[in-house]
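> Give the three-dimensional model of this entry:
(one chain, ligands or ions: 1)
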Amino acid sequence: MEIRQALQSIISTFGLDRLDAQCLLLHTLGRPASDRAWLLAHDTEVLAPVLSSQFITLAQRRASGVPLSYLTGEREFYGLSLQVDERVLDPRADTETLVDWALELLPQLPPQPKVIDLGTGSGAIALAIKFSFAPAQVKALDTSLAALAVARENAKRLRLDLQFLHGNWLEGLDDQFNLIVSNPPYIAENDPHLSQLGYEPSLALSSGADGLDAIRTLLEQAPSRLATSGWLILEHGWDQAATVRHLLQQTGFSQVQSRRDLAGIERCSAGCWAG
Ligand code: GLN
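Residues are numbered from 1 along each chain as shown. Below is the predicted model:
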């Protein structure tokens, strides 16, 4: 079968997005996702039967809800190519909002600011910060050893110097940080949206009846671990901004504010700890 026909038949049989189908075919061919122009230029080339059956298997798994990044093993985040699989949350473009915000604050903090990313997963946030702001001393923490293994491999491959910690949020840590960042689990336990995310670790997704358990824990712990004028930035759900701002204010944070993601949804909230 020609490349063009293979793509067309996969798209119509499995109802996949053209982009997903192209990425899966490129992966099958051992080519990078950036090679979509190659597919167009070679669309009459014949696909060997073994490759075509590999392509069909991947398409079936994608259609059943497996994230594209788990199938190709790769996710681009903040210009970095991360390796990801079912051990970690598939990093979302929305989370780049949090990184943008951290990178605006970092130059205003003391030199070589101490930063910690709580629930680092693949390491996406911590790695993006270290890559874009080298003077930061960045720690990346997760409660999942499996996730930490993924984050460590990413740091090694990208040659970024992070310190990894195994732990439960800030419990037992005695450092003072200038910046604490986190994309914690925040989906309510009974949210129907969760059933579409069944291939990702539930530990990274949901947190209690209203989804805010992890955020409440972080807010209890953060004040004693923040240096004077340190900042806490949290990602949260599409309908949680007002509640999270309220919780930050109640805890005693100042300059409390939220920021919107690419879809215009208030996705992150932050506050400064005056000390
Ligand atoms: N933003 C993700 C989603 O709603 C969830 C990530 C998270 O819980 N931190 O699909």
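> And the helix or strand Val115 falls within, what does it pack against?
Per DSSP states H and E, Val115 falls inside strand 114-118. Packing partners of strand 114-118 (3 or more CB pairs under 8 Å, 6 or more residues apart in numbering; DSSP states H and E): helix 124-132, strand 137-142, strand 177-182. All C-beta atoms are positioned from the backbone trio N, CA, C, and that covers glycine.
> and Leu25, which of the ones you listed is closest to it?
Closest approach to Leu25 among those (CB to CB): helix 124-132, 25.7 Å.
> The closest one to strand 114-118, inter-axis angle?
150 degrees (axes from the mean of the first three to the mean of the last three CA atoms, to 10 degrees).
> looking just at contacts, which helices and strands does helix 124-132 meet?
Judged by 3+ CB pairs under 8 Å, 6+ apart, the packing partners of helix 124-132 are strand 74-77, strand 80-83, helix 96-105, strand 114-118, strand 137-142, helix 145-158.
> Select, out of those, the one closest to the ligand.
helix 96-105 (10.4 Å; CB to the nearest ligand atom).
> How far does that closest one sit from its chain's centre?
Offset of helix 96-105 from its chain centre (CA atoms, centre = their mean, to the nearest Å): 13 Å.
> And stretch 39-48, by the same measure?
Worked out by CA atoms, centre = their mean, stretch 39-48 lies 33 Å from the chain centre.
> And the contacts of it?
The contact list for stretch 39-48 (CB atoms under 8 Å, 6 or more residues apart in numbering) reads 1-4, 6-7, 22, 25-26, 55.
> Quick one, which of these are buried?
3, 6-7, 22, 25-26, 55 (16 or more other CB atoms under 10 Å).
> got a list of contacts for stretch 63-75?
Residues contacting stretch 63-75 (CB under 8 Å, 6+ apart): 14-16, 20, 23-24, 27, 33, 58, 61-62, 81-86, 90-91, 122, 124, 196, 198-200.
> now do the same end-to-end measure for that stretch.
End-to-end distance for stretch 63-75, by CA to CA, to the nearest Å: 18 Å.
> Of all the residues in that stretch, which ones are buried?
66-72, 74-75.
> Not counting sequence-adjacent ones, nearest residue to Leu51?
Nearest non-adjacent residue to Leu51, counting by CB to CB, 6 or more residues apart in numbering: Thr28, 5.4 Å away.
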